[in-house]
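Participant: Here you go, sequence then predicted model.
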Amino acid sequence: MPKGGKREGAGRPAGAKNKRTAETLAAMEAAAEKIAEVVPNAFDGDAHALLMAVYKDPKHELALRIDAAKAAIRYERPALAAVEHSGEMTLHHEDALSELE
């Protein structure tokens, strides 16, 4: 009896979406279609606008709205960077006063 290893034809095909991803994509497409009815060509090349419309619409389920918000956040708020303070300030009170004069 053979043990271990990949069996021919077993598993999900390469590039196939899992069930949750497929459902999320279908829900986003449905939302885009509804918005496109009101605003023609609203999402031609503008993925951020689509994500905003999805996560702001309370009619969608919370999981979909959270996924859309996670994808859009990088375009709305800059990521905070770690900054290390590596020295002391060289500007003293007297230097600051002389610069003002």
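Facilitator: Nice, thanks for sending it over. Numbering: from 1, shown residues only.

Participant: just the helices in this structure please.
Facilitator: Assigned helices in the chain, in chain order: 19-38, 47-56, 62-76, 93-100 (criterion: DSSP state H).

Participant: how about the ones you listed in TSV, adding distance to Ser86, mean neighbour count and mean pLDDT?
Facilitator: Heads up, the C-betas are built off the backbone N, CA and C, glycines and all. Output for those, formatted as TSV (distance: least, C-beta to C-beta, whole Å; neighbours: other C-beta atoms under 10 Å; pLDDT from 0 to 100):
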stretch	distance to Ser86	mean neighbour count	mean pLDDT
helix 19-38	44	13	84
helix 47-56	36	18	82
helix 62-76	28	14	88
helix 93-100	21	8	60
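
Participant: got those helices as CSV, with distance to Val83 columns?
Facilitator: Listed next are the helices of the chain as CSV, based on distance: least, C-beta to C-beta, whole Å:
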stretch, distance to Val83
helix 19-38, 36
helix 47-56, 27
helix 62-76, 19
helix 93-100, 23
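
Participant: For the residue nearest to the spatial centre of the chain, which residues are in contact?
Facilitator: The residue lying closest to the centre of the chain (C-alpha atoms, centre = their mean) is Ala71, at 1.3 Å. Applying C-beta atoms under 8 Å, 6 or more residues apart in numbering to Ala71 gives the contacts Leu51.
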